[in-house]
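Enquirer: for reference, the sequence and a predicted model appear below.
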Amino acid sequence: MDKNLFVELKQSLIEAKAIRHGKLQPSRQFEVESIDVKAVRERTKLSQEEFATAIHVSVRTLQNWEQHRRTPTGPAAALLKIVNTAPEVAIKALHAPFDTI
């Protein structure tokens, strides 16, 4: 291993430990907005099975999201944001046949 790379890696680990113990402020922080999937589903007035079918995921996946064992990411998170913003429109669009789009 390159000696400079090793020194940089070692310094990074020392800084990470100091940040974890509150002795040093991180250079940047990221906040991830959490989606309350259960509240989104309840706004649609659909059962877990109906909602899971509508958004094309398994009931088990939906349950994991609702119970915070898993977090929806990527397209699923985007779809849930749309459903949360306009539940009636989103559900209607999800039930529409492709030839009407």
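Expert: Good, I have the coordinates.
Enquirer: please count neighbours and contacts with C-alpha atoms only from this point.
Expert: Noted.
Enquirer: tell me where this protein has strands.
Expert: Ranges of strands in the chain, per DSSP state E: none exist.
Enquirer: so which bits of the helix or strand bottoming out on mean pLDDT in it are buried?
Expert: Using mean pLDDT, DSSP states H and E, the weakest-scoring helix or strand in the chain turns out to be helix 87-95, at a mean of 90. By neighbour count on 16 or more other Cα atoms under 10 Å, the buried set for helix 87-95 is 87, 90-91.
Enquirer: now those in CSV, with distance to W65?
Expert: Converted to CSV, the buried residues of helix 87-95 look like this (distance: Cα to Cα, whole Å):
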residue, distance to W65
P87, 18
A90, 19
I91, 19
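Enquirer: then the longest helix seen in the chain to PDB, C-alphas only?
Expert: Secondary structure of the chain per DSSP state H: the longest helix is helix 3-20. The C-alpha trace of helix 3-20 is given here as PDB (Å, rounded to 0.1, in the frame of the first residue of the first chain):
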ATOM      1  CA  LYS A   3       2.500   5.100   2.400                       C
ATOM      2  CA  ASN A   4       0.700   8.400   1.800                       C
ATOM      3  CA  LEU A   5      -2.600   6.600   1.300                       C
ATOM      4  CA  PHE A   6      -2.100   4.700   4.500                       C
ATOM      5  CA  VAL A   7      -1.300   7.900   6.500                       C
ATOM      6  CA  GLU A   8      -4.500   9.500   5.100                       C
ATOM      7  CA  LEU A   9      -6.600   6.400   5.900                       C
ATOM      8  CA  LYS A  10      -5.200   6.300   9.400                       C
ATOM      9  CA  GLN A  11      -6.000  10.000   9.900                       C
ATOM     10  CA  SER A  12      -9.500   9.500   8.600                       C
ATOM     11  CA  LEU A  13     -10.100   6.800  11.200                       C
ATOM     12  CA  ILE A  14      -8.800   9.000  14.000                       C
ATOM     13  CA  GLU A  15     -11.100  11.800  12.900                       C
ATOM     14  CA  ALA A  16     -14.100   9.400  12.600                       C
ATOM     15  CA  LYS A  17     -13.500   8.200  16.200                       C
ATOM     16  CA  ALA A  18     -13.300  11.800  17.500                       C
ATOM     17  CA  ILE A  19     -16.600  12.600  15.700                       C
ATOM     18  CA  ARG A  20     -18.300   9.600  17.100                       C
END
